[in-house]
Structures are given as structure tokens and as C-alpha cells.
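1. A predicted structure for the sequence below; I have some questions about it.
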Amino acid sequence: MNFTKKDILDQMDREAEDYNFPLYLGDEDYVFHMDGRIHAFCDEKRWAVLIEHLCYNPRGGEIDGVNIRIFAYGNCLLKPAGWDPLSDLKIFSYVPEKHHLYDSYFEEVPNEAVAVKIRDKIIPIENDPELYIKSGVKDYKDSSIHISELIRFLLIDHKDIMMANDSDLEMYIPIDIPRILLLQQWYHPFMFDELLPSEVETFQLIAEVLETKDKSRYAPKNQPNTYWKNWRR
């Protein structure tokens, strides 16, 4: 059975009404927005939309609080629709990995950590605050580096290994469904709890792309706003 734009938006609306949709991307007391992407997949009978959110939760404990959340929607999902906190991807760790020996404030990068391990790649930690200021991820000079600043700094050169890969996404969707759209940025309402996805241009257009199998239908009038600086507190 073929699917329609209405089918797609109706499912997203139902999940949003149940607070199972990324309503807000911004920095809050419990999460810092790092980056995000939207993946759209379809064939003649199946569709899926995966919203990927790289974020940092200070309550998660040092760098363990950095994770990738996947919000999944579709008619062929391998997991329930929405977000499953137990499925968050944790791919970051310090080198050396001895958290209990670190005595710095847990939201700061400890002096004992010399590198970050992201998946199987080890990347040395830059300790000079001036580098973070010049890159735009730090506003003022002090001796400490916040974990959110470190992740945003690493994204400049290492985004390819810091976001979800195909193997990660295959936990949510069949391996053989083609990707039709990948958005690195998009327009996301700042107060999504006052709107449904069906009322937002971004998701209207994604649903239209999936229904028509024509990615040129994604031609938004709204400027993308998901870059982290637009959501900082």
C-alpha cells in the first residue's frame, strides 16, 4: 500500500502530542545542543524519517553525558516510533579512561584527560583556551574548557565520525530502504510545543518529498536555524 503526505504528518503529529518529538533543540539545564541532521528514506511502500540530535547532558556524568539521540518515524521501523532513551548512542570517552580519578568540576574537561576517543579514533585534546575562542566556541578566556566547548570544537574537523553512521541508523530501519534526503541544517521552531509538525514548513516538505519521491520538492522558504549558536543559553 502506498503512503501519503498526510500519513507521514499524522504520525509525526501523534508522536508530538505525546511529547515524543524533538520539541526544542536549545541549551537547557539538562541538555546542550551540539548538532543535528535529518535523514529521510523511502521506496514505493515504505518511508522513514530519522531526526538525529548530538547533545550533551551534564547529568550524564562527564563526557558520558555526550550522546546521539535518534527520533524515528515511519511505517517500517525496527523500533517503536519516537525516541527511546535506552538506545542513545554513546561513542565518546576520555583517554585515559579513569573517570573516578578526575577531580575537576564534572562539566569541565579534566586536566588528566589527554585525548578523546570517538568510536575507534583517538584525538588529542587542545588545552589552549585561545584556540576555542578563535574558533568561536568559547566567548571568554579562562583556564577551563567546558565539555560542550570541546565537542563543538571537535565538530569543526571531525563531524564525520561524531554523528550517526549507517550502521547506527540500521538499528531503526531496514538496511535496504534508500535514503532520499539528508539535511545538515533545517528550520526548527523555537517553541515547538505550540505547534505540530504538520504546521511546520520543514516537515511538510519532507513529507512531500517522501510522497512524490522527488527530493527537489524540498525547497524551503525559511532559513535553517539549527546551528548551535542559534540555540545557546
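-> In hand now; what should we look at?
2. what sits against A115?
-> Each residue near A115 by C-beta atoms under 8 Å, 6 or more residues apart in numbering is listed here: Y94, V95, I122, I123, P124, I125. All C-beta atoms are positioned from the backbone trio N, CA, C, and that covers glycine.
3. what pLDDT does the model give the second one?
-> What the model reports as pLDDT for V95 is 90.
4. which residues sit in contact with it?
-> V95 neighbours (C-beta under 8 Å, 6+ apart): A113, V114, A115, V116, K117, I122.
5. which among the residues you listed count as buried?
-> Among the contacts of V95, the ones that count as buried by 16 or more other C-beta atoms under 10 Å are A113, V116, K117.
6. measure the last one to N165 for me?
-> The span separating K117 from N165 equals 16 Å under the rule C-beta to C-beta, to the nearest Å.
7. contacting residues around E44?
-> N2.
8. this structure: strands as residue ranges?
-> Along the chain, the segments classed as strands by DSSP state E run 32-42, 47-56, 66-74, 82-83, 92-95, 115-118, 121-124, 179-183.
9. how about R179, nearest residue that isn't a chain neighbour?
-> F41 (5.1 Å; C-beta to C-beta, 6 or more residues apart in numbering).
10. what is the neighbour count of the one you found?
-> 23 (other C-beta atoms under 10 Å).
11. could you report the neighbour count for K138?
-> If we define neighbours as other C-beta under 10 Å, then K138 has 21 of them.
12. contacting residues for I151?
-> Contacts of I151 by C-beta under 8 Å, 6+ apart are M34, L54, Y56, V66, F92, M162.
13. partners of the helix or strand bottoming out on mean pLDDT in the chain, with directions?
-> Across the helices and strands of the chain, mean pLDDT, DSSP states H and E gives its lowest value to strand 92-95, namely a mean of 91. Paired with strand 92-95 in the same sheet, following DSSP bridges, are strand 115-118 (antiparallel).
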